[in-house]
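Visitor: output the structure for:
(chains A and B)
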Protein chains: 2
Amino acid sequence: MLVNGVHTRTVWMEDGVVKMIDQPRLPHEFRIVDLPHHTDTAKSISTMIVRGAGAIGATGAYGIAQAALEAPEDGFHAYMAAAADTMSKTRPTAQNLFYGIKYVLKAIEGAGDDIAAARAAAVTAAQAVADDDAACCEAIGRHGAAVVPDVARVSTHCNAGWLAFVDWGSAISPLYVAHRSGKDVFVFVDETRPRSQGARLTAWELGQEGVPHAVIADNAAGHYMRTGEINMVIVGSDRIAANGDVANKIGTYTSALAAKAAGIPFYVAAPTTTIDPDCPSGDDIPIEERSGDEVRFTWGWSDAGEFIRIRTVPDGSPARNPAFDVTPAALIAGIITEKGIIEASPEGIASVARTL
Amino acid sequence: MLVNGVHTRTVWMEDGVVKMIDQPRLPHEFRIVDLPHHTDTAKSISTMIVRGAGAIGATGAYGIAQAALEAPEDGFHAYMAAAADTMSKTRPTAQNLFYGIKYVLKAIEGAGDDIAAARAAAVTAAQAVADDDAACCEAIGRHGAAVVPDVARVSTHCNAGWLAFVDWGSAISPLYVAHRSGKDVFVFVDETRPRSQGARLTAWELGQEGVPHAVIADNAAGHYMRTGEINMVIVGSDRIAANGDVANKIGTYTSALAAKAAGIPFYVAAPTTTIDPDCPSGDDIPIEERSGDEVRFTWGWSDAGEFIRIRTVPDGSPARNPAFDVTPAALIAGIITEKGIIEASPEGIASVARTL
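Guide: Numbering: from 1, shown residues only, chains lettered A, B, ... in the order given. Here you go, the predicted model:
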């Protein structure tokens, strides 16, 4: 999508160098990081310079392609095995990461003992992973735009925009398509405490694309739904269970409750790679509890332009910090995938689920 | 309630000097401010050194008593009229403020032309306003404690603790009583963005009283209700309509929805002075929209110990900031008042409403 008027992806590769947007610096500084070696690329995932399911998957794939270009002819496969191990350990629970790595490793295997062919296949495969992610998200945009009203007042939570993928994004993609097609789209961006991905990343994306929006405290979304100022909700997802229950950033569940109470549609948008067919229901999704310091401290820019943290909680008070919650399928109007909009039900999920 | 082990009120008067806790410095510094003149006291309200309905009401009453002590014998009544005007304009929508001012002015009127008697009556009346607020809140604590389970995992929003009143508080008072009586009470404190009154004030109060608690992002409350970790909600109120609808800090409504969905009781605790019998329903309560900068900037303590603000929203992104929301009566298990627990219904409200 657009950054300062120029089309940009979150991550790409040029002459063996992986290049990506330095996401922790956003929205206050737009900077591209060059990663010349696959170990640099691995580190960009573990330190969260890149985040978001689709963007991490493509980065993992590019890292393996880099390793194939670096690996000596003598000992090529041993080098690749070590690189795959390094890359896999950067975010041990990221399903898309493993998918990207495996996809490129399979292409290398397919080339047999022809090292030059293996290198070429690795680069092609990594590019295919990135392009597939962008194409899925673009298709989500087309399918989703059909259910965006001509005058859309849309609530979204966290960042399920293009910064979380290679391009377009999931939840925000239909809004980009609708906005470009001339629909009157205004987005209420949930701040998304404690890490403020909505305030920082979604607001920045929308601003760069010229989509009218306002940041609100997470507390305000339900109020605007009740009073009729919001007429649609679209969020992304971290994992979708076989029965249609959806795990997503903490706070998604109460947003879905408020939408139901107000009688407005609550959509989830995600590529079908997000579906976990082995997970029967939302109750089977473990909810990660992260450090309470994410609640106790807030990061941002001081008036002097420094990126610092401040404390808002008394010294002796503990905090608890669940990262995700589960939204039951019954609250979901539909799941927008690259294959179309499906029902949040076992039948709907089964109709599009894919296995690796 | 207790501060560093010593019983303290939010505001009191000694020898004509009003003394109060400097609330914006909490939780990082506990400081008492001395206000020798009624104009100092007026300024403490407008600059929000004191906040919270009950605390503001008592401060207004003390300010009028101060003015009565200051006023010259010659021109006493003109001085008092000017002082009442100054004091009333500090927070033009605070119902308790007007109550406190009027109560003391009536006592002065009752003394006729005996200036010495008028001064004495003013001091006595101001003290009565403060003592009545503390007594109402203490009674709310007694009535409310009866519905606090022996093992209570309680969610609360914003600060409806003793810092918002003279002592005890509304929503937190039943928890103090239950905790002191030996019940196992743990409080999940909503951070309460954008102004973080939960993280700053409620957490500090609970810590001083030794009540176990954890601060959570507002987004996490619904999750803990759904998963059974929270079994009760108690919040305060800024205004209660004649039909039982309740206005309170933004975010209260979604908390009530989540409680209803989880089948756990959602209580509102407030003195009957909070009831506005002239307001038919929640739809008739105007919702103040405050500056978007409260969302765009967060205040807190830097690692160097300075009280500063940071920005978390992109420079060009606007924000919207409704201060309150309305919780429909149907979501409320009961309203805990100083006269007992009533139904959130026209009949329940009518049974306890008082007029000035």
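Visitor: average pLDDT across the longest helix seen in chain A?
Guide: Of all the elements of type helix in chain A, the one with the most residues (DSSP state H) is helix A:115-145. In this model, helix A:115-145 has an average pLDDT of 97.
Visitor: quick one: buried residues of it?
Guide: Using 16 or more other CB atoms under 10 Å in any protein chain shown as the test for burial, helix A:115-145 gives A:115, A:118-123, A:125-130, A:132-141, A:143-145. Every C-beta, even on glycine, is put in place using the N, C-alpha and C of the backbone.
Visitor: what's the first helix or strand after that helix?
Guide: strand A:151-156 (DSSP states H and E).
Visitor: how far away from the center of its chain is the following helix or strand past that following strand?
Guide: As assigned by DSSP H and E, the chain's next helix or strand after strand A:151-156 is helix A:173-180. Offset of helix A:173-180 from its chain centre (CA atoms, centre = their mean, to the nearest Å): 17 Å.
Visitor: for residue A:37, give me its contacts.
Guide: A:66, A:70 (CB atoms under 8 Å, 6 or more residues apart in numbering or on different chains).
Visitor: oops, could you answer that again for residue A:23 instead?
Guide: Residue A:23 touches A:10, A:48, A:49, A:50, A:51, A:163, A:201, counting by CB under 8 Å, 6+ apart.
Visitor: roughly how far apart are it and residue A:197?
Guide: Residue A:23 sits 9 Å away from residue A:197, going by CB to CB, to the nearest Å.
Visitor: equivalent analysis for residue A:2, please.
Guide: Residue A:2 is 19 Å from residue A:197, by CB to CB.
Visitor: more crowded one of the two?
Guide: The neighbour comparison of residue A:2 against residue A:197 (other CB atoms under 10 Å in any protein chain shown) goes to residue A:197, with 26 against 13.
Visitor: hang on, isn't the more buried one packed against residue A:158?
Guide: Yes: at 4.9 Å, residue A:197 counts as touching residue A:158 under the criterion of CB atoms under 8 Å.
Visitor: which neighbours do these two have in common?
Guide: In contact with both residue A:197 and residue A:158: residue A:249, using CB under 8 Å, 6+ apart.
Visitor: residue A:339: neighbour count?
Guide: Neighbours around residue A:339, by other CB under 10 Å: 15.
Visitor: which ones are touching it?
Guide: A:139, A:272, A:352.
Visitor: who's in contact with the first one?
Guide: Residues near residue A:139 by CB under 8 Å, 6+ apart: A:338, A:339.
Visitor: again with the second one
Guide: Residues in contact with residue A:272, defined by CB under 8 Å, 6+ apart, are A:136, A:337, A:338, A:339, A:352, A:353, A:354.
Visitor: and it, how close does it get to chain B?
Guide: 26 Å (CB to the nearest CB, to the nearest Å).
Visitor: rewinding a little: so which of the contacts of residue A:23 sits lowest on pLDDT?
Guide: residue A:48 (87).
Visitor: isn't it up against residue A:24?
Guide: Yes: taking contacts as CB under 8 Å, residue A:48 lies within contact range of residue A:24: 6.5 Å.
Visitor: and stretch A:211-230, average pLDDT?
Guide: 98.
Visitor: which SSE is residue A:203 in?
Guide: Using DSSP H and E, residue A:203 falls in helix A:203-209.
Visitor: now for that helix, which elements pack on it?
Guide: Applying 3 or more CB pairs under 8 Å, 6 or more residues apart in numbering or on different chains; DSSP states H and E, one finds that helix A:203-209 contacts strand A:2-3, strand A:184-190, strand A:213-216.
Visitor: pull the CA atoms of stretch A:290-307 into CSV?
Guide: In CSV, the C-alpha atoms belonging to stretch A:290-307 read as follows (Å, rounded to 0.1, in the frame of the first residue of the first chain):
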residue,chain,number,x,y,z
ARG,A,290,2.3,-11.8,28.6
SER,A,291,4.3,-9.6,31.0
GLY,A,292,2.3,-7.3,33.2
ASP,A,293,4.8,-4.6,32.4
GLU,A,294,3.1,-4.1,29.0
VAL,A,295,0.2,-2.8,31.1
ARG,A,296,2.2,-1.0,33.7
PHE,A,297,4.3,0.9,31.2
THR,A,298,3.3,2.7,28.0
TRP,A,299,5.8,3.5,25.2
GLY,A,300,5.6,6.5,23.0
TRP,A,301,7.3,9.7,21.9
SER,A,302,8.1,12.4,24.3
ASP,A,303,7.7,16.1,23.4
ALA,A,304,11.4,16.1,22.9
GLY,A,305,11.0,13.4,20.2
GLU,A,306,12.5,10.5,22.2
PHE,A,307,10.9,7.1,22.2
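Visitor: which of the residues in that stretch are buried?
Guide: A:292, A:294, A:295, A:296, A:297, A:298, A:299, A:300, A:301.
Visitor: and stretch A:102-112, by the same measure?
Guide: Quick answer for stretch A:102-112 (16+ other CB under 10 Å): A:102, A:103, A:104, A:105, A:107, A:108, A:111.
Visitor: equivalent analysis for stretch A:66-73, please.
Guide: A:66, A:67, A:68, A:70, A:71.
Visitor: reformat those as a markdown table; add distance to residue A:183, secondary structure and pLDDT.
Guide: Formatted as a markdown table, the buried residues of stretch A:66-73 follow (distance: CB to CB, whole Å; DSSP: H, G, I helix; E, B strand; the rest coil; pLDDT from 0 to 100):
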| residue | distance to residue A:183 | secondary structure | pLDDT |
| --- | --- | --- | --- |
| A:66 | 41 | helix | 98 |
| A:67 | 44 | helix | 98 |
| A:68 | 44 | helix | 98 |
| A:70 | 47 | helix | 98 |
| A:71 | 49 | coil | 97 |
